[in-house]
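[1] quick one: sequence and predicted model below, then my questions.
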Amino acid sequence: MVINTEDKNEVQSELNSETKTEEKSESSTEEKNETKDEIQSEIKSEVNGNDKSEIVGNNDAENKEEEKNEDNTEKNKKKKGKQGPCGICGKDAHQSCSQCSSVYYCSRDCQREDWKIHKSKCRPFVIGKHKIYGRHAVANRDIAAGELIMREKSIIIGPRHRGAPVCLGCHGKPTPHFTCSKCKYPLCSPDCESSRYHQAECPYLEKAPCPPISDLSAASPAYECIMPLRCLLQNEPKLRKQIDNLQSHVEDIKRSPLDADINKNIIQFLKERVGWSGPEAEIYKMAGVLITNGMEMQHNQNTVRGIFPSAAMLAHDCVPNAKYYVSEFTHDGDDSDPTMYVYATVPISKGTSINFTYTGTLYTTLPRRQHLQFTKFFPCTCRRCSDPTELGTDFGTLVCDKTDCKGYVESCHPMHALAPWRCRKCHQDFDVNKVKMINESVFQELSSIDRTTPKPLEDFLNKHQDLLHPNHRFYHEAKYGLIQRYGNRFPYNEINKSQMENKIKWCRELLKLADIFSPGMSTFRGDLKFELHAALSALSTHVRKFEPTVIVEEIESEAKKLQESAREILEQNPDNAVGLFAKRLDVLHSQIIRI
Ligand SMILES: C[S@@+](CC[C@H](N)C(=O)[O-])C[C@H]1O[C@@H](n2cnc3c(N)ncnc32)[C@H](O)[C@@H]1O
């Protein structure tokens with residue numbers, strides 16, 4: 001699950017998570033999650049046993065939670081449901097833990113006695129085995145939209161596979177002035193030489209010291225071996241078992257274009273230069289575990305990669321029902337390992353697979369499936385991927401080039417990468433390579449647009465009508481680029497009324513799209529709601545000043561509601577809860593008072 005959280009300004013880059021992602025009309029948060037999966041009968045209660053992960057809501061208000069569980073257990077008693085042996089004394093018991101339903105108690109006393117042990121295993125999901133996804137997290141009770149599903153610390157972090165240099169001590173930005181006195185890898189300060197992250201690997205890296213790196217912002221192959229080496233050196237038995245237990249896709253990697261790079265910069269480097277004497281298969285396994293399960297995140301103002309073994313059990317879906325945040329800052333004061341929070345974005349009913357997206361929510365089907373196949377080695381078969389219209393959005397639909405036709409062109413079989421595309425009106429077929437060429441050329445054009453002024457992106461919206469459906473991804477991408485820039489790089493006191501109105505219109509359009517691709521309490525919806533509220537606030541201020549007879553109360557009331565709704569979503573990110581949301585509001589107000 002390498003989910004790119006790097007560039008919040010590019011639509012493709014998150015809208016997963018989040019950057020990990022949402023927009024449906026207000027009512028959509030209540031939307032029922034329809035993607036109930038068929039689950040094979042074998043449901044194992046636990047795969048990872050990650051000590052570091054905690055059940056939702058149990059840590060801070062432990063006693064409160066205990067009381068709540070007890071109350072619910074009392075309710076369960078009345079229901080007379082299933083029964084089983086009491087988890088403490090073995091007597092027949094009719095009450096189960098209200099959070100996870102996986103353990104029975106005959107009395108409050110027994111539940112209380114078990115809580116200290118059970119709390120670390122108590123979660124609203126179990127690990128099941130799916131005939132397509134393999135192991136995956138399955139809700140073991142109904143989960144409400146917005147509920148925290150899990151919180152866990154990474155068990156390993158370090159540089160990205162093909163990233164720029166990071167300090168091997170704290171993972172911040174290294175400086176040209178400090179390198180480790182032994183292995184010569186860049187650090188940010190001499191203190192980092194003895195950091196707990198770097199200590200074990202340094203004697204190995206010393207055998208093949210890092211060559212001087214002139215450009216600390218460019219990707220360097222010298223970093224590709226670091227994370228596999230850190231995994232190999234993990235000798236704390238529980239953590240090592242968790243790593244070994246993860247899927248690695250080694251055979252797929254060996255057949256993939258990634259193999260040449262892995263062979264050279266990881267396998268051969270560790271064996272021949274660093275002198276790693278363990279079996280080659282073990283190195284491959286670690287490289288594969290990292291590719292299959294590694295998650296990218298911001299840490300110490302850098303992008304790094306880490307493994308969260310419980311979150312690694314979440315399957316992918318192109319319309320996810322959960323999101324995650326990795327807090328960049330330490331909130332619980334214990335250590336500097338990043339913490340991941342996984343939240344339900346929509347109601348998830350018992351028995352449903354809990355999933356997030358491993359790719360860009362705003363990629364179209366061809367690149368989305370290609371990306372998943374290339375990086376995670378599976379062909380996605382979700383309902384969005386199997387629908388040529390992408391759930392009625394026409395997000396990847398093109399326009400027929402036959403004279404006077406102007407019909408819309410979609411794939412005949414979206415799950416076959418080589419299938420032809422066909423015009424709905426004249427039924428002419430298009431070779432998929434032609435489709436790819438059109439996409440590639442418009443993509444290149446859009447990517448290279450100068451974004452330092454609004455005009456080039458605004459102009460793009462009036463181009464290519466003869467090629468792209470009006471709801472095509474590229475138009476949404478350009479609109480999202482402008483949404484993010486109006487009120488930021490181009491402050492509200494410097495844009496005109498019609499630009500504010502356009503931002504409002506595009507926010508509403510994107511919210512409709514997000515209702516479909518990223519519904520509920522996704523970060524994408526939270527961001528769009530914030531931007532819509534900001535543009536409405538700017539517009540009402542503008543109107544009050546220049547057209548004082550016009551009534552703006554309705555606009556202001558909508559803006560207020562949107563702000564609260566955005567806050568509810570975005571403050572789930574612990575980094576926002578410590579004040580980033582408030583800072584965003586401050587920036588907005590500082591612009592509005594200058595209108
Ligand atoms: C991070 S792992 C998830 C856990 C994994 N299923 C296991 O058994 O360890 C990612 C891998 O799960 C599988 N997977 C996840 N979501 C999938 C999906 N929607 N369709 C098919 N395979 C999926 C793929 O093999 C993918 O490379």
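    Perfect, I can see it now. Residues are numbered from 1 along each chain as shown.
[2] going forward, measure contacts and count neighbours with C-alpha atoms only.
    Noted.
[3] what about the stretch 451-595 of the chain, any weak spots by pLDDT?
    Within the stretch 451-595 of the chain, no stretch has pLDDT under 70.
[4] find the closest residue to the ligand in it.
    Residue nearest to the ligand within the stretch 451-595 of the chain (Cα to the nearest ligand atom): residue 517, separated by 14.9 Å.
[5] that residue contacts residue 361, doesn't it?
    Yes. Judged on Cα atoms under 8 Å, residue 517 makes contact with residue 361 at a distance of 6.7 Å.
[6] hang on, the earlier thing: contacting residues around the residue of the stretch 451-595 of the chain closest to the ligand?
    If a contact means Cα atoms under 8 Å, 6 or more residues apart in numbering, then residue 517 has 22, 318-320, 361 as its contacts.
[7] of the residues you listed, closest to the ligand?
    Ranked by distance to the ligand (Cα to the nearest ligand atom), those are led by residue 318 at 8.0 Å.
[8] name the nearest residue to that closest one, ignoring sequence neighbours.
    In this structure, residue 318 finds its nearest non-sequential neighbour in residue 357, 5.7 Å apart by Cα to Cα, 6 or more residues apart in numbering.
[9] angles on the backbone of that neighbour, please.
    phi -100, psi 140 (degrees, to the nearest 10).
[10] stretch 156-165 spans what distance, first to last residue?
    One end of stretch 156-165 to the other measures 17 Å (Cα to Cα, to the nearest Å).
[11] which residues are contacting that stretch?
    The contact list for stretch 156-165 (Cα under 8 Å, 6+ apart) reads 166, 168, 171, 173-174, 186, 216-221, 223-224, 226-227, 230-231, 296, 303-308, 337.
[12] then stretch 433-441?
    So stretch 433-441 is contacted by 421, 467 (Cα under 8 Å, 6+ apart).
[13] what mean pLDDT does that stretch have?
    Average pLDDT, stretch 433-441: 97.
[14] just the buried positions in it, please.
    Buried residues in stretch 433-441, defined by neighbour count with 16 or more other Cα atoms under 10 Å: 435, 439.
[15] mind checking how far it is from the chain centre?
    Chain-centre distance of stretch 433-441: 28 Å, with Cα atoms, centre = their mean, to the nearest Å.
[16] only C-alpha atoms, please: export that stretch in PDB.
    In PDB, the C-alpha atoms belonging to stretch 433-441 read as follows (Å, rounded to 0.1, in the frame of the first residue of the first chain):
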ATOM      1  CA  ASN A 433      -3.300   2.300 -28.000                       C
ATOM      2  CA  LYS A 434      -5.000   5.300 -29.600                       C
ATOM      3  CA  VAL A 435      -6.900   5.900 -26.400                       C
ATOM      4  CA  LYS A 436      -3.600   5.700 -24.400                       C
ATOM      5  CA  MET A 437      -1.900   8.100 -26.800                       C
ATOM      6  CA  ILE A 438      -4.700  10.700 -26.400                       C
ATOM      7  CA  ASN A 439      -4.600  10.300 -22.600                       C
ATOM      8  CA  GLU A 440      -0.800  10.500 -22.500                       C
ATOM      9  CA  SER A 441      -0.600  13.600 -24.700                       C
END
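[17] which bits of the stretch 301-450 of the chain sit near the ligand?
    312-317, 376-378, 380 (Cα under 6 Å from any ligand atom).
[18] recalculate using a threshold of 8 Å.
    For the stretch 301-450 of the chain, the residues in contact with the ligand (Cα under 8 Å from any ligand atom) are 311-317, 355, 375-382.
[19] ok, the stretch 151-300 of the chain next?
    By Cα under 8 Å from any ligand atom, the part of the stretch 151-300 of the chain that sits against the ligand consists of 245-249, 292-294.
[20] have a look at this structure and report its longest helix.
    Scanning the chain for the longest helix, with DSSP state H as the assignment, gives helix 523-546.
[21] wait, residue 407 touches residue 423, no?
    Yes. Using Cα under 8 Å, residue 407 is in contact with residue 423, at 5.9 Å.
[22] report the set of residues contacting both of the two.
    Common contact partners of residue 407 and residue 423 (Cα under 8 Å, 6+ apart): 399-400.
[23] would you mark the buried spots in stretch 128-138?
    Quick answer for stretch 128-138 (16+ other Cα under 10 Å): 128-130, 135-138.
[24] thought residue 306 was touching residue 295?
    Yes. The pair residue 306 / residue 295 is scored as a contact, 5.4 Å apart, by Cα under 8 Å.
[25] what's in contact with stretch 419-431?
    399-400, 405, 407-413, 432, 435.
[26] follow-up on the earlier one: who has more neighbours out of residue 407 and residue 423?
    More crowded of residue 407 and residue 423, by other Cα atoms under 10 Å: residue 423, with 23 against 19.
[27] from residue 204, how far out is the more buried one?
    When residue 423 is compared with residue 204 (using Cα to Cα), they lie 59 Å apart.
[28] nearest to residue 94, of the contacts of stretch 419-431?
    Using Cα to Cα, residue 413 comes nearest to residue 94 of the contacts of stretch 419-431, at 50.7 Å.
[29] can you count the residues close to residue 252?
    17.
[30] could you do the one 4 residues further on as well?
    In terms of burial, residue 256 registers 14 neighbours under the definition other Cα under 10 Å.
[31] SS state for the nearest residue to it once chain neighbours are set aside?
    Sequence neighbours aside, residue 374 is the residue nearest to residue 256 in space, at 7.6 Å (criterion: Cα to Cα, 6+ apart). Of the three states, residue 374 takes helix according to DSSP: H, G, I helix; E, B strand; the rest coil.
[32] same deal with residue 149?
    strand.
[33] poorly predicted segments of the stretch 151-300 of the chain, please.
    Along the stretch 151-300 of the chain, no part satisfies pLDDT under 70.
[34] what are the boundaries of the strands in it?
    156-158, 295-299 (DSSP state E, counting those that start in this stretch).
[35] switch these over to TSV; also include mean neighbour count.
    Conversion of the strands of the stretch 151-300 of the chain to TSV gives the following (neighbours: other Cα atoms under 10 Å):
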stretch	mean neighbour count
strand 156-158	23
strand 295-299	23
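[36] and those as CSV, adding distance to residue 545?
    Formatted as CSV, these follow (distance: least, Cα to Cα, whole Å):
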stretch, distance to residue 545
strand 156-158, 52
strand 295-299, 41
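[37] and the closest residue to residue 180 other than its chain neighbours, how many neighbours?
    Spatial nearest neighbour of residue 180, excluding adjacent residues (Cα to Cα, 6+ apart): residue 193 at 5.7 Å. Counted with other Cα under 10 Å, the burial measure for residue 193 works out to 26 neighbours.
[38] any idea how far residue 259 is from residue 193?
    On the measure of Cα to Cα, residue 193 and residue 259 end up 32 Å apart.
[39] swap in residue 521?
    38 Å.
[40] do residue 407 as well
    From residue 407 to residue 259 the distance is 43 Å (Cα to Cα).
[41] how about residue 420?
    Per Cα to Cα, residue 420 is found 30 Å from residue 259.
[42] likewise residue 516?
    Separation of residue 516 from residue 259 (Cα to Cα) stands at 36 Å.
[43] so for those two, which sits in the more crowded spot?
    When residue 516 and residue 259 are compared for neighbours, residue 516 comes out ahead with 20 against 17, by other Cα under 10 Å.
[44] which of the three states applies to the more buried one?
    Three-state assignment for residue 516 (three-state DSSP): helix.
[45] okay, domains of the chain per the record?
    Domains of the chain are assigned by automatic domain parsing as 57-122, 155-307, 474-592.
[46] and those as TSV, adding distance to residue 369?
    Output for these, formatted as TSV (distance: least, Cα to Cα, whole Å):
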stretch	distance to residue 369
domain 57-122	34
domain 155-307	15
domain 474-592	15
